[in-house]
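**Q** please work out how this folds:
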Amino acid sequence: MSKIKKIRIMLGLTQKDVAEKIGITQAMYSYIENGKKMPSKKTAKKIEELFGVSLFFMD
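**A** Take a look at the predicted model:
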């Protein structure tokens, strides 16, 4: 399980919740969470703000 997925689950959020809050589709968020796509800088910043962590430290 990816670190980003663990954090999302710990926060009690679904992929759809996160996607809606950061302004992308659930499918795109799923690709990001599963490492199939890299988020844009703008999307990465929104994820960092929502989760309260730096994605730089999630590798």
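**Q** name the residues of the helix with the most length in the chain that are buried.
**A** The helix that spans the most residues within the chain, counting by DSSP state H, is helix 41-51. By neighbour count, with 16 or more other Cβ atoms under 10 Å as the criterion, the buried positions of helix 41-51 are 43, 44, 46, 47, 48, 50, 51. Yep, even glycine has a C-beta here, placed from its N, CA and C like the rest.
**Q** who touches it?
**A** 4, 7-8, 11, 18, 21-24, 32, 39, 54-55 (Cβ atoms under 8 Å, 6 or more residues apart in numbering).
**Q** please name the nearest non-neighbouring residue to residue 29.
**A** residue 19 (4.1 Å; Cβ to Cβ, 6 or more residues apart in numbering).
**Q** now the residue most central in space within the chain: how far from residue 24?
**A** The residue at the geometric middle of the chain, judged as the C-alpha nearest the mean C-alpha position with Cα atoms, centre = their mean, is residue 47 (5.0 Å). When Cβ to Cβ, to the nearest Å is the yardstick, residue 47 and residue 24 sit 10 Å from each other.
**Q** hmm, back to that, what is the neighbour count of the residue nearest to residue 29?
**A** Other residues near residue 19 come to 19 when the count uses other Cβ atoms under 10 Å.
**Q** now residue 35
**A** Burial measure for residue 35: 9 neighbouring residues, criterion other Cβ under 10 Å.
**Q** what confidence value was assigned to it?
**A** Looking at residue 35, its pLDDT reads 93.
**Q** excluding its backbone neighbours, what's nearest it?
**A** Nearest one to residue 35, counting by Cβ to Cβ, 6+ apart, is residue 2 at 6.5 Å.
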